[in-house]
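I would like to see how this sequence folds:
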Amino acid sequence: MPLSTSNSEDYIVREIPDRPLAGIVSGCMIAVLGLLAVLEVSARRNGVLASRDRNMVFWQNHRLSLDSQASDTTVCLGASRITFGIDQDQWEDITGERPYNLGLWGASSLPMLNDCAENTSINGKVLCSLSGGFAFANEKIPFSFRISKAIQDLDRNRYSFTLRSKDWTGPMLQARFAVLNPAIFSPVEILRENLRFSTRPNEIAWFHIPYTVHHTEENQDIFIDDLSDPYYLHQWDTMHQTALEYMARFEPRDLDIAIAQIIKNVKQIEARGGEVIFVNFPVSRFFKEWENQRFPREKYWDEIIEQSGCRGFHYLDHEKTKDLSPPDGSHLMPDEAKIFTRELAKFVNE
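The predicted model follows:
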């Protein structure tokens, strides 16, 4: 029933104009693609490279892809020293094959070795980095625990659409377009780069890693900056010193238990025709002092080599690698990585 104060027959019908929705959507898409194209060209001209994220999603997808590789593939295990220290092209030039690098920043190689022994059919060379504090870091430390957790979750995440889809979109997009480089165009990283806060006395400094590293689809890290900028080097030093201070609060892994697990894993890999070769990468500055004090060679490296019966490549034992000195204390520059890779490849092929 119509209201007494209004007449339902007198309302005005507003004519809605035709809206070319298809044209509007197309125009927006063209504008966005045009903007991305301009940013891409600008980024390339400024030396920005397409680079993958260094996160657990990338690492888990990379590890799951190992299952489809040939069983005699050479596999690299360890922390970031092995992602910086093994030059893929140099290795292929000498050996005729490309290694499969499973390195992860701050990770222990011991859970990786156990995973390789028990959950893969790899029967080629397994290059296992023993990087002092990181290899034997207490399992409760977050950057040490995360690799064990990631390995535990592999079977569950094998069927995760969210995780596995990034193994398709990453190579198609992030690995090809500089404009998707997270270290440059992420709003968070832009703020970190421009808001450079000073620290108070006795405060663990707030830090971030500037855009100094190119991370490839093959999980290789390559310095694109020589760290001659004091600010950049300071950021790397702060990150490393913070990690060392954090590790110093915990006792390292029990060495006897670790060696027993190593021997078991070595035997598993050798039983199917593979070989485990331990590698010790160059260190310098405060890193070298810290590791020599807390993880002396005779107690860790020498003991593991003797009890496992494996071959070991220690940088101090070879003329062309003993004087390599990473500027940040832990990671080789590209030219140094080529030298180290060349000598390691020759040693492995002996």
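
Please, where are all the strands along this structure?
75-77, 100-101, 125-129, 213-215, 221-223, 275-280, 311-314 (DSSP state E).

neighbouring strands for the third one, and are they parallel or not?
Which is strand 125-129. strand 75-77 (parallel), strand 275-280 (parallel) (DSSP bridges).

And the second one, by the same measure?
Strand 100-101 has the following strand partners under DSSP bridges: strand 75-77 (parallel).

Can you flag the weakest of the strands of the chain by average pLDDT?
Across the strands of the chain, strand 213-215 has the smallest mean pLDDT, namely a mean of 93.

for that strand, packing partners?
strand 221-223 (3 or more Cβ pairs under 8 Å, 6 or more residues apart in numbering; DSSP states H and E). For every residue, glycine as well, the C-beta is placed using N, CA and C.

Now do the strand it packs on: distance to the chain's middle.
The chain centre lies 10 Å from the centre of strand 221-223; the measure is Cα atoms, centre = their mean, to the nearest Å.

Single out the most deeply packed of the strands paired with strand 125-129.
strand 75-77 (a mean of 26; mean count of other Cβ atoms under 10 Å).

what comes into contact with that strand?
Here strand 75-77 makes contact (Cβ atoms under 8 Å, 6 or more residues apart in numbering) with 66, 82, 86, 99-103, 109, 112-113, 116, 122, 124-129.

how near is residue 101 to residue 80?
Separation of residue 101 from residue 80 (Cβ to Cβ, to the nearest Å): 11 Å.

Those two: who's more crowded?
Legend: neighbour count by other Cβ atoms under 10 Å for residue 101 and residue 80, higher for residue 101 (24 against 21).

hang on, that one packs against residue 81?
No: in this structure, residue 101 is not within contact of residue 81 by Cβ atoms under 8 Å, at 11.3 Å.

Number of residues surrounding residue 187?
If you count neighbours by other Cβ under 10 Å, residue 187 ends up with 7.

before we move on, what about the one 4 residues further on?
The number of residues packed near residue 191 is 10, by other Cβ under 10 Å.

quick one on the thing from earlier: tabulate the strands of the chain (CSV), appending distance to residue 264.
Listed next are the strands of the chain as CSV, based on distance: least, Cβ to Cβ, whole Å:
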stretch, distance to residue 264
strand 75-77, 16
strand 100-101, 22
strand 125-129, 14
strand 213-215, 33
strand 221-223, 30
strand 275-280, 11
strand 311-314, 18
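
which stretch among these comes nearest residue 344?
Set against residue 344 and scored by Cβ to Cβ, the strands of the chain come closest in strand 311-314, at 5.4 Å.

Give me the contacts around the closest one.
So strand 311-314 is contacted by 275, 277-280, 297, 301, 304-305, 343-344, 347-348 (Cβ under 8 Å, 6+ apart).

Need those residues in a markdown table (columns: distance to residue 163).
Below are the contacts of strand 311-314 laid out as a markdown table (distance: Cβ to Cβ, whole Å):
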| residue | distance to residue 163 |
| --- | --- |
| 275 | 32 |
| 277 | 31 |
| 278 | 31 |
| 279 | 30 |
| 280 | 33 |
| 297 | 39 |
| 301 | 36 |
| 304 | 34 |
| 305 | 37 |
| 343 | 37 |
| 344 | 32 |
| 347 | 37 |
| 348 | 33 |
